[in-house]
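>>> just coords:
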């Protein structure tokens, strides 16, 4: 079994496009796309006649084993087991040894830094008490943050590895530092460009290191000033959008969405994100057949934030296909997703009366779902917004439900 405290980057083509898990028995369809046998079999047994990844109609539902890929996955898995066995033989440093390591790091500027940080990461993962010990060690936080600026100007792989270890240490202990204002000051308000190091890790680091960097950025976005400092840094918003548009790892996409949400409160940041195409990327995530519930919730949350400004409302309202996707999420993904979806529709249709949005909702049979939602076990706020929406469309229950196909199975009232 793979240890939970290891950082493992799974090659993208080892993952099944449906489950996103490493494939156990890879098979290829006539379209050339490879899936795990169990996943694609369930898809085809469900009456589908298309390729899930490309949506091409299949000439044949037959599939053939991908022996080459299966051998590559086996080689990778075996090498991973060897790494686990090797790591298990290395003892976790003691508290006294960590004290010695920290003292050595205060004066060592050489090649040992990465190894020191690796041992600290192992120590921190071992227990909550170890993480508390590190966080309460005088000068430890400032010393690790200083490593970000020490290596920021050198983008060699060696120093990127050092940066990765540093952000992992910070991410593991960040909840133990208490007030994040000091960490915010050290990273964002220093005369040394430590934010550049986090961007470098986001661009070149492993999946787990990038997630750690995103969590650090989210943690230091404590007020309007810090959010603006992050957003105004060249490359930050661009790399965040790239992470949600070109990555396939669900954890990395979720962390990117959370970070974007954390820094998007100021209007100026939202306008920047709109110009960079955020709404289009969120639309793609909502339309993706394999998006997790969490990704759907976070995407709708960001859309809700964008709908709070005029420019965002206009872009949402002018995209009928996006409105349709938002309507589809009502009563389908989760309570949280439903609340965000209703709030978006209420904002554009009721609060600000965008005519294009009203027409798109009507064409998507949105009021039927809103009526069903109102009759479900929803929160008082959602019920009130649903009632407001029904008012503007002058909908009554008899006329609405008469057009609703009771055999539809994709709506799942709570």
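Cool, got the structure. Predicted, not measured: the structure shown is a model, and the values here were computed from it.
>>> is residue 190 in contact with residue 149, as I believe?
Yes: in this structure, residue 190 is within contact of residue 149 by Cβ atoms under 8 Å, at 7.3 Å. All C-beta spots, glycine's among them, are computed from the backbone N, C-alpha and C.
>>> so for these two, which residue has more residues nearby?
Per other Cβ atoms under 10 Å, whichever of residue 190 and residue 149 has more neighbours is residue 149, with 18 against 15.
>>> check contacts around that one.
Residues in contact with residue 149, defined by Cβ atoms under 8 Å, 6 or more residues apart in numbering, are 190, 192, 193, 194, 197.
>>> just name the closest of those residues to residue 71, please.
residue 197 (38.5 Å; Cβ to Cβ).
>>> skip the chain neighbours and tell me the closest residue to the closest one.
residue 148 (3.9 Å; Cβ to Cβ, 6 or more residues apart in numbering).
>>> helix or strand right after whatever helix or strand the one you found lives in?
Assigned by DSSP states H and E, residue 148 falls within helix 140-151. Next along the chain after helix 140-151, taking DSSP H and E as the criterion, comes helix 157-173.
>>> just the angle for that next one relative to helix 140-151, thanks.
Relative orientation of helix 157-173 and helix 140-151, computed by axes from the mean of the first three to the mean of the last three Cα atoms, to 10 degrees: 160 degrees.
>>> name the surrounding residues that touch helix 157-173.
7, 113-114, 117-118, 120-121, 124-125, 131, 134-135, 141, 144-145, 147-148, 151-152, 183, 197-198, 200-201, 204-206, 208-209, 211-213, 215-216.
>>> next, the buried residues of it.
Neighbour counts over helix 157-173 (16 or more other Cβ atoms under 10 Å) mark 159-173 as buried.
>>> run through the strands of the protein in chain order.
Per DSSP state E, the chain carries strands over the ranges 26-28, 34-36, 64-65.
>>> run me through the strand neighbours of the shortest one, direction for each.
Sheet partners assigned to strand 64-65 using DSSP bridges are listed as strand 26-28 (antiparallel).
>>> buried stuff in the partner strand?
26, 27.
>>> try stretch 101-117
Result for stretch 101-117 [16+ other Cβ under 10 Å]: buried residues 101, 102, 105, 113, 114, 116, 117.
>>> quick one: that stretch to chain centroid distance?
33 Å (Cα atoms, centre = their mean, to the nearest Å).
>>> endpoint to endpoint, it covers what distance?
Length of stretch 101-117, first residue to last, Cα to Cα, to the nearest Å: 9 Å.
>>> let's check: the centremost residue of the chain is which one?
Closest residue to the average C-alpha location of the chain: residue 254 at 1.2 Å, with Cα atoms, centre = their mean.
>>> does that residue touch residue 294 like I think?
Yes: when contacts are counted by Cβ under 8 Å, residue 254 is listed as touching residue 294 (5.3 Å).
>>> look at the spatially closest residue to residue 92 that is not a sequence neighbour and report its pLDDT.
Leaving out its chain neighbours, the residue that sits closest to residue 92 by Cβ to Cβ, 6+ apart is residue 126, at 4.8 Å. You'll see residue 126 listed with a pLDDT of 85.
>>> neighbours around residue 126, how many?
Counted with other Cβ under 10 Å, residues neighbouring residue 126 total 13.
>>> show me where the stretch 251-400 of the chain has helices.
Counting by DSSP state H, counting those that start in this stretch, one finds helices in the stretch 251-400 of the chain at the ranges 267-275, 278-287, 293-306, 310-317, 320-328, 335-345, 355-363, 366-374, 380-393, 397-402.
>>> and those helices, which one is worst for confidence?
When the helices of the stretch 251-400 of the chain are ranked by mean pLDDT, helix 397-402 comes last with a mean of 42.
>>> quick check: the residue nearest to residue 92 vs residue 120, distance?
Going from residue 126 to residue 120 by Cβ to Cβ, to the nearest Å gives 11 Å.
>>> please apply the same query to residue 144.
Residue 144 is 8 Å from residue 120, by Cβ to Cβ.
>>> go on, residue 69?
Noted for residue 69: a distance of 37 Å to residue 120, by Cβ to Cβ.
>>> so of the buried residues of stretch 101-117, which two are at opposite extremes in space?
The most distant members of these, if one measures by Cβ to Cβ, are 102 and 114, lying 15.0 Å apart.
>>> which of the residues in stretch 321-336 are buried?
322-334.
>>> check stretch 386-395 too.
386, 388, 389, 390, 393, 395.
>>> isn't the fifth one up against residue 359?
Translated: residue 393. No: Residue 393 is not in contact with residue 359 according to Cβ under 8 Å; the separation is 10.8 Å.
>>> follow-up on the earlier one: how about the helices of the stretch 251-400 of the chain, which one is nearest residue 15?
Comparing the helices of the stretch 251-400 of the chain against residue 15 with Cβ to Cβ, the closest turns out to be helix 293-306 (15.3 Å).
>>> just for the stretch 151-300 of the chain, where's the confidence low?
Scanning the stretch 151-300 of the chain for pLDDT under 70 picks out 151-159, 191.
>>> circling back to that earlier point, adding distance to residue 349, write the buried residues of stretch 386-395 out as TSV.
Shown next, in TSV, are the buried residues of stretch 386-395 (distance: Cβ to Cβ, whole Å):
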residue	distance to residue 349
386	11
388	9
389	6
390	11
393	8
395	12
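>>> looking at the residues you listed, which is nearest residue 278?
Proximity of those to residue 278 was ranked by Cβ to Cβ; the top entry is residue 389 with 25.0 Å.
>>> distance check, the residue lying closest to the closest one once chain neighbours are set aside against residue 102.
By the measure of Cβ to Cβ, 6+ apart, the closest residue to residue 389 outside its immediate chain neighbours is residue 370, 5.2 Å from it. Residue 370 is 58 Å from residue 102, where distance means Cβ to Cβ.
>>> can you point out the buried residues in stretch 305-318?
Buried, per 16+ other Cβ under 10 Å, within stretch 305-318: 305, 306, 307, 308, 312, 313, 314, 315, 316, 317.
>>> right, and out of those residues, which lies closest to residue 352?
Taking Cβ to Cβ as the measure, residue 352 sits nearest to residue 313 out of the buried residues of stretch 305-318, at 5.8 Å.
>>> quick one: residue 38 and residue 25 touch, right?
Yes: the pair residue 38 / residue 25 is scored as a contact, 7.2 Å apart, by Cβ under 8 Å.
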